[in-house]
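> just to be clear, the model below is a prediction. Sequence and coordinates:
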Amino acid sequence: MGETTVSYATYAQHRLGGAQAALRAKLYRPDGAADALPLVIWFHSGGFHSGDIESNGHNRLARQFAHQGYALAVPQYRLGALAEDLRPGTGALLPRLVEDAARHMPWINPDFTGPRALAAVEDAAAFLQWVETRRAEFGLNGRWLLGGSSAGAMTALNLLMLAPALGLDLPAIPTAFAMSGAFAYPSFQRETPTRILALHGTGERQIPVAPIRAFAYRAPHCTLLEDAAHQHGDTRLNRAEPLRRAIRRLADFDRGAAIAPARTGPRDRTVKRENRICLVTCVKNEGPFLLEWLAHNRAIGVTDLLVFSNDCDDGTAELLDRLDAMGIVHHVPNPSMALGSDQHLNLATACAPYHRAVRRADYVIVSDVDEFIQVDCADGTLNGLLAVTGYPDVISISELVYGFGGIERFEDRPVAEQFRASDALVPGPGSPRRGVKSITRVSKDVQAYSNHRPRLRPEVTEGLDWVDGAGQPVPRDFITENRRGLDPAGRYVLARVNHFTLRSGESMLVKFQRGDAVRPGRMREKYFQDRNGRALIHDADPPWLPALAAELARLMADAGLARLHAECVAAHRAKIAALKADPDFAGIWQAIRAEVARPLGSGDPEPLVAE
């Protein structure tokens, strides 16, 4: 079996440009097949602009599927559809879908997410409904499989994911194949029993690999194969693989075989949903803000929190002891106190690798209590970010600095709710770099973890997989020259670090008196003047706030924690009152108040990140 009998049929009349368009399908059935066969419905590529059901490539696919005992159909769909050609329900949903794709998948060509893409979904559903009623006529057994390459792969995934939202009835689809495609509407992704095999190139430019990685991370029945040599739209892993082997892989997958994900280098990129991620921090008198920050990090997937405390006098150490007893953090008094050193963070990060929380971790982050990582891909977690970026050695995420936002008084509620003014997403002239925070793979090649980025053995830097917050390789000089900042333009795509470095004016007064754990002596008026981001006003709540609030409520349900938190808040307020009454702090308090009062929605040129 391998030769096929070809037939054509008109399966639908759909609206196109104010008229009815006849849509045809080309069907291939293996010669000599006595039994009813499963049907692979292959959606052609062409970017929703061109495409031909007469392609010789389809003939080759049909012959190879015939060898495996499958019939194949290639349905035509409306390549030139406009919004007015869509069904009313589809047209009503179109703006939401386009906005979702633009916000979450900026890599995707807009032509792949508009009316042409949705018209293809409508037409694909119409073909499935049509062929379901003609099983006997074409010798089919009712087992329908979807497949396609490039835009065709997107059509297959769009059909699976969007059918309920678009009011389209589909028969059961046990298997789908997606070659160099992606699902572009993450908010509409749903769980289905369909097993999906996706093939993609790691260097793909037309449809980058990040969207399909995000899809695969969230789809429990999706296997993603990546190969650096994969050619766009090809069913083969690489050019050297025979087509018959590639089609046999698809058939094996459909029949229930486990297909091992490919390797793209020395590391297996298999989706791993439960990496151990350890966050290391150093605190002094952060009690009022600690639980919110812990809740956020737990909500985004941090599994271990290693906290070094420095000579706290506001109840922070007691709060951490309670959290340690509950198994939520590992609390360690900072060795800097015993050594009489002011290098609090440096000593904490030097000791951290010897702690079991770091030794058993897959990745480590060094972060401060005023820094909140925001993940804008996959499911909003760090594991999702790792999956989308392909589990690199390091991800260095650019910060976005938030300012006072006009808020002078301290309030005991999440800073993420209160502060909405930040620097612009794209820095102005003369201020190209902003600081980064790095997610670093635990490895013997790491010489030291530090506040912004790891220091690695020089001999391993050449082959590092080190990416930025958009999943793109960082500049070579960033690695070799130990830079701590990057130009953030275009680097906030997948993730960013929201840095609430000042909080309220009153809390800034306390921070000024406390000093800085990284560089002692840095606290001057210039500190809060340079960090008072106010160019961009964020109208909406941050997307991670609901998860944070839910986790914070779980923590505060513990009566002991709630009491200790209240004591920290009371100590903070008492410190504010004492400092405001202290003549030695009168000048700095007036300077802080003046900075708080500066107009929002404007910004001075930002300073360069200190190198």
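Yep, it's here.

> what bits of the stretch 251-400 of the chain have low per-residue confidence?
261-270 (pLDDT under 70).

> which residues in it form helices?
287-299, 316-325, 335-339, 344-351, 356-359, 382-389 (DSSP state H, counting those that start in this stretch).

> so which of those helices comes closest to Arg213?
Using C-beta to C-beta as the measure, helix 382-389 is the one of these that comes nearest Arg213, at 4.6 Å. Heads up, the C-betas are built off the backbone N, CA and C, glycines and all.

> and the contacts of the closest one?
Contact with helix 382-389 is made by 210, 213-214, 216-218, 271-275, 277, 300-302, 363, 373, 375, 377-378, 392, 395, 439, 467, 471, 494-495, as judged by C-beta atoms under 8 Å, 6 or more residues apart in numbering.

> swap in stretch 42-49?
51-53, 55, 58, 61, 72-75, 77, 79-80, 109, 111-112, 116-117, 120, 124, 146-153, 155-156, 233.

> which of the residues you listed fall within strands?
72-75, 146-149 (DSSP state E).

> among these, which ones are buried?
With neighbours counted using 16 or more other C-beta atoms under 10 Å, these contain these buried positions: 72-75, 146-149.

> contacting residues for the nearest residue to Leu305 once chain neighbours are set aside?
Once flanking residues are discounted, Leu305 sits nearest to Val329: 4.4 Å by C-beta to C-beta, 6 or more residues apart in numbering. For Val329, the contacting residues are 294, 305-307, 320, 323, by C-beta under 8 Å, 6+ apart.

> now tabulate these in TSV and tack on neighbour count.
Compiled in TSV, the contacts of Val329 are given as follows (neighbours: other C-beta atoms under 10 Å):
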residue	neighbour count
Leu294	26
Leu305	23
Leu306	24
Val307	25
Leu320	27
Leu323	23
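
> and the gap between the closest residue to Ser396 other than its chain neighbours and Glu506?
Residue nearest to Ser396 in three dimensions, not counting chain neighbours: Val436, with 4.2 Å by C-beta to C-beta, 6+ apart. Distance, Val436 to Glu506, using C-beta to C-beta, to the nearest Å: 29 Å.

> between the two, point out the one with more neighbours.
Val436 (27 against 24; other C-beta atoms under 10 Å).

> the more buried one contacts Glu399, doesn't it?
Yes - contact criterion C-beta atoms under 8 Å: Val436 and Glu399 qualify, at 6.7 Å.

> hang on, the earlier thing: which among the ones in strands among the contacts of stretch 42-49 gets closest to Pro164?
The nearest one, if we look at the ones in strands among the contacts of stretch 42-49 relative to Pro164 and count by C-beta to C-beta, is Leu146, at 15.9 Å.

> what's near enough to touch Gln20?
13-14.

> doesn't it belong to a helix?
No - read with DSSP: H, G, I helix; E, B strand; the rest coil, Gln20 is strand and lies in no helix.

> quick one, strands of the stretch 201-350 of the chain?
Applying DSSP state E, counting those that start in this stretch to the stretch 201-350 of the chain gives strands spanning 222-227, 277-283, 304-309, 330-333.

> mind putting those strands into TSV with distance to Glu137?
Listed next are these as TSV, based on distance: least, C-beta to C-beta, whole Å:
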stretch	distance to Glu137
strand 222-227	33
strand 277-283	56
strand 304-309	61
strand 330-333	68
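
> single out the most deeply packed of these.
strand 277-283 (a mean of 26; mean count of other C-beta atoms under 10 Å).

> ok, and what's touching that one?
290, 297, 301-310, 312, 316, 320, 334, 344-345, 348-349, 352, 357-358, 361-369, 382-383, 439, 449, 517.

> give the buried residues for stretch 472-486.
For stretch 472-486, by 16+ other C-beta under 10 Å, it's 474, 478-479, 483-486.

> rewinding a little: what's the closest of the helices of the stretch 251-400 of the chain to Met161?
helix 382-389 (17.1 Å).

> the closest one vs strand 277-283, what angle?
120 degrees (axes from the mean of the first three to the mean of the last three C-alpha atoms, to 10 degrees).

> and helix 382-389, how far out from the chain's middle?
6 Å (C-alpha atoms, centre = their mean, to the nearest Å).

> any stretches of the stretch 401-550 of the chain with poor pLDDT?
431, 515-524.

> sorry, back to before: closest to Arg563 out of the buried ones among the ones in strands among the contacts of stretch 42-49?
Leu146 (56.9 Å).

> next, the angle strand 222-227 makes with the helix or strand encompassing Leu199.
Here Leu199 sits within strand 195-201, counting by DSSP states H and E. Calculated by the same axes, to 10 degrees, strand 195-201 forms an angle of 20 degrees with strand 222-227.

> what strands line up against strand 195-201, and which way round?
Under the criterion DSSP bridges, strand 195-201 sits next to strand 175-179 (parallel), strand 222-227 (parallel) in its sheet.

> off-centre distance for the shortest one?
Going back to what we said before, that points to strand 175-179. That offset, for strand 175-179, works out to 23 Å (C-alpha atoms, centre = their mean).

> do stretch 273-293 as well
Taking C-alpha atoms, centre = their mean, the mean C-alpha location of stretch 273-293 is offset from the chain mean by 21 Å.

> what's the answer for stretch 394-405, then?
On C-alpha atoms, centre = their mean, the centre of stretch 394-405 falls 16 Å from that of its chain.

> on that earlier part again, hey, what's the residue nearest to Ser396 bridged with?
Ser398.

> pull the contacting residues for it.
Per C-beta under 8 Å, 6+ apart, neighbours of Val436: 396-399, 452-453, 468, 484-486, 497.

> at 10 Å instead, please
Going by C-beta atoms under 10 Å, 6 or more residues apart in numbering, Val436 touches 394-399, 451-453, 468-469, 474, 478, 483-486, 488, 491, 496-497, 609.

> same deal with Asn238?
Residues near Asn238 by C-beta under 10 Å, 6+ apart: 201, 227-231, 246, 262.

> tell me the pLDDT at it?
We note a pLDDT of 90 for Asn238 in this prediction.

> phi first, then psi, for it.
Phi and psi for Asn238, reported as degrees, to the nearest 10, are phi -160, psi 170.

> filter the contacts of Val436 down to the ones in strands?
Those of those lying in strands (DSSP E): 394-399, 468, 485-486, 496-497.

> among the strands of the stretch 201-350 of the chain, which comes closest to Ala251?
Of these, nearest to Ala251 by C-beta to C-beta is strand 222-227, at 14.4 Å.

> next one: the closest one to chain centre, how far?
Distance of strand 222-227 from the chain centroid (C-alpha atoms, centre = their mean) equals 18 Å.
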